[in-house]
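1. This is a predicted model, with the sequence first.
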Amino acid sequence: MTAAFTAIAPLAQVTGADLCVPLADGSTRTYANFDYAASAPALTQVVERIDQLLHTYSSVHRGAGYASKVSTDNYENAREIVGRFVGATDEHVVVFTRNTTDSLNLLAGCVPGSVVVLDIEHHANLLPWKGSRIVRAAGTIEETIRRLVVELCARPAGLLAITGASNVTGEVLPIARIADIAHRCGARILVDAAQLAPHRAIDIGAWGVDYLAFSGHKLYAPFGAGVLVGRRDWLDCADPYLSGGGAVRNVTVTNTQWALSPARHEAGTPNILGAGALAAACETIESLGFEYIAEHERALCEQLVAGLRTVPGLEVLSLWSDCEDSVGIVTFTVDGFEPREIATYLSDVHGIGVRDGRFCAHPLLDRLGHADGAVRASIGLGTGCADVERLVGAVRTLVPESALA
Ligand code: PLP
């Protein structure tokens, strides 16, 4: 480890930092969490906010009691905080959902035209779009964008649905530029920000993004809420995502008058604690400052990649040779080892949690030449350089000492 890496401490306190896990030899060790991209641990501020919210926890929107009024205020306040966090404008409405998958399925029921997607997407941004037009990503972002333009110009599309950051390689796309291109071609744009939102400042107003989806559980708020932020017109023209109480203005036995968004798509009792947790996470992350968050993970990823590259036969997966920014995700394979074998070894022998498999992005793993999967190490606010050193050291012990430089 170089001197530059010794100072990188965790940026925030998260739950589970002192978790002790059993090892195969019967001993225990403090858990090293490298699975933030799947679900991030809760920020302590989020847990504290949940505690507060529980004091007045009650039904929202329809109760006249004090606790119900406070809970309603908390819930609607959470909506505003989340909207501000992503730069929503008056044209956008914030709908609380269960997660990104839920948000994208909701939007799929609202899009009037066809949907264009890249073949690198998480299944959540591939499968909900019925009859989508799939564009094969190229080896550079430039050429990938050119292919998108060709497809969008070939015949009109309603929507371009694209990831903000790949859940496999962490690579970030230039969303403002792509939004501009989509609009010039007459399409709207949806950004799957499941991996982007925890790592980079988002400004959908300035970027010209029409729809944005992300999950609380990846944003240090693992209490079951997600978000769809988007332009009102399509949302208000579509059938409600769920039919039931709260989504209506008036009902007779022969007729239903549906409410406008967000209520239109939030039938039933909403996830009040999830929304509050998500808002608390947005506020905490904003107070940390995205410039520090980006710098923290850039330094840790540099350390991680530099360390991993010393392991013979190890390949770090990437999509685009001209990509200038990546979030805290490093996915790799090691010659001669199955991804599950590596992940199990890291857990059983070293108490390190990574993810292995195809990361709900089977077409992408296929085209990267790793149809059998890979290992993903992902970092976040609770990661420090000691964790990275531990992971690198553990991966190095996989291969015979004679093979190491
Ligand atoms: N999109 C991306 C890029 C993801 O990484 C994920 C989850 O890993 C999803 C969508 C789906 O998120 P969720 O499981 O919270 O619905």
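-> The structure has been received and is ready for your questions. Numbers count the residues shown, from 1 in each chain.

2. check contacts around the residue nearest to the spatial centre of the chain.
-> In the chain, the residue lying closest to the centroid (Cα atoms, centre = their mean) is Ala194, at 1.9 Å. The neighbours of Ala194, taking Cβ atoms under 8 Å, 6 or more residues apart in numbering as the test, are Thr100, His122, Ala124, Thr163, Asn167, Ala213, Phe214, Ser215, Lys218. C-beta here means a position set from N, CA and C on the backbone, and glycine is covered the same way.

3. Next, count neighbours for the residue in the stretch 301-405 of the chain that the ligand sits nearest to.
-> The minimum distance from the stretch 301-405 of the chain to the ligand, using Cβ to the nearest ligand atom, falls at Cys360 (6.0 Å). Counted with other Cβ atoms under 10 Å, the neighbours of Cys360 add up to 18.

4. tally of neighbours for the closest residue to it other than its chain neighbours?
-> Excluding its sequence neighbours, the residue lying closest to Cys360 (Cβ to Cβ, 6 or more residues apart in numbering) is His123, at 4.5 Å. The number of residues packed near His123 is 16, by other Cβ under 10 Å.

5. so His123 makes contact with Ala361?
-> Yes. If you go by Cβ atoms under 8 Å, His123 and Ala361 touch, sitting 6.8 Å apart.

6. how about Phe332, phi and psi?
-> Note on Phe332: its backbone torsions stand at phi -150, psi 160 [degrees, to the nearest 10].

7. ok, back up a step: which residues do His123 and Ala361 both contact?
-> Here His123 and Ala361 share no contacting residue, scored by Cβ under 8 Å, 6+ apart.

8. Run through the helices of the protein in chain order.
-> Applying DSSP state H to the chain gives helices spanning 44-55, 66-85, 100-108, 141-154, 175-184, 204-207, 232-237, 272-288, 290-308, 339-350, 362-367, 385-396.

9. can the fifth one be found next to the ligand?
-> No. Helix 175-184 stays clear of the ligand (Cβ under 6 Å from any ligand atom), getting no nearer than 13.2 Å.

10. Low-confidence ranges, the chain, go.
-> Across the chain, the ranges flagged by pLDDT under 70 are 1-6, 405.

11. Which positions in it make contact with the ligand?
-> Residues of the chain found near the ligand, taking Cβ under 6 Å from any ligand atom as the criterion, are 99-101, 122, 124-125, 163, 167, 192, 194-195, 215, 217.

12. So which of those are in strands?
-> Thr163, Asp192, Ser215 (DSSP state E).

13. And those residues, which is closest to the ligand?
-> Closest to the ligand out of those is Ser215 (3.4 Å), distances taken as Cβ to the nearest ligand atom.

14. Could you check how many residues crowd around the closest one?
-> If we define neighbours as other Cβ under 10 Å, then Ser215 has 28 of them.

15. and what of Arg231?
-> Around Arg231 there are 18 residues (other Cβ under 10 Å).

16. Ok, Glu338 next?
-> Close neighbours of Glu338, defined as other Cβ under 10 Å, add up to 14.

17. Next, give phi and psi for it.
-> phi -70, psi 140.

18. wait, isn't it in contact with Ala374?
-> No. The criterion here is Cβ under 8 Å, and Glu338 misses it with Ala374 at 10.3 Å.

19. Find residues that contact each of the two.
-> Counting by Cβ under 8 Å, 6+ apart, Glu338 and Ala374 have no common neighbour.

20. Quick check: buried residues in stretch 137-156?
-> Residues Ala137, Ala138, Ile141, Thr144, Ile145, Leu148, Val149, Glu151, Leu152 are the ones in stretch 137-156 that count as buried (16 or more other Cβ atoms under 10 Å).

21. nope, stretch 176-187 is what I was after
-> Buried positions in stretch 176-187, judged by neighbour count with 16+ other Cβ under 10 Å: Ile178, Ala179, Ile181, Ala182, Cys185, Ala187.

22. for those residues, which one is nearest the ligand?
-> Ile178 (15.5 Å).

23. Surely that closest one is in contact with Gly164?
-> No. Using Cβ under 8 Å, Ile178 is not in contact with Gly164; the gap is 9.9 Å.

24. Show the contacting residues for Gly328.
-> Contacts of Gly328 (Cβ under 8 Å, 6+ apart): Tyr36, Ala37, Gly170, His199, Glu297, Leu300, Cys301, Ser378, Ile379, Gly380, Thr383.

25. Quick check: phi and psi on it?
-> Gly328 adopts backbone torsions of phi -70, psi 60, taken as degrees, to the nearest 10.

26. Distance check, it against Arg200.
-> Remark: distance between Gly328 and Arg200 (Cβ to Cβ, to the nearest Å) = 11 Å.

27. Likewise for Ile175?
-> If you go by Cβ to Cβ, the gap between Ile175 and Arg200 works out to 10 Å.

28. now do Asn77
-> Asn77 sits 24 Å away from Arg200, taking Cβ to Cβ as the criterion.

29. More neighbours: which of those two?
-> Under the criterion of other Cβ under 10 Å, the comparison of Asn77 against Arg200 puts Arg200 first, with 19 against 13.

30. What is the neighbour count of Asp236?
-> Residues within reach of Asp236, counting by other Cβ under 10 Å, total 15.

31. From Leu159, how far off is it?
-> In this view, Asp236 and Leu159 are 16 Å apart by Cβ to Cβ.

32. cool, Leu314 as well?
-> Between Leu314 and Leu159 the computed distance is 38 Å (Cβ to Cβ).

33. For burial, what's the neighbour tally of the closest residue in space to Ser318 that isn't next to it in sequence?
-> Spatially, and ignoring its direct neighbours in sequence, Ser318 is nearest to Thr169 (5.1 Å; Cβ to Cβ, 6+ apart). The tally of other residues near Thr169 (other Cβ under 10 Å) stands at 26.

34. Burial check on Glu291, number of neighbours?
-> Using other Cβ under 10 Å, Glu291 has 9 neighbouring residues.

35. before we move on, what about the one 3 residues further on?
-> Ala294 is surrounded by 16 other residues when neighbours are defined as other Cβ under 10 Å.

36. can I assume it is in contact with Pro198?
-> No. With contact defined as Cβ under 8 Å, Ala294 does not reach Pro198; the gap is 11.2 Å.
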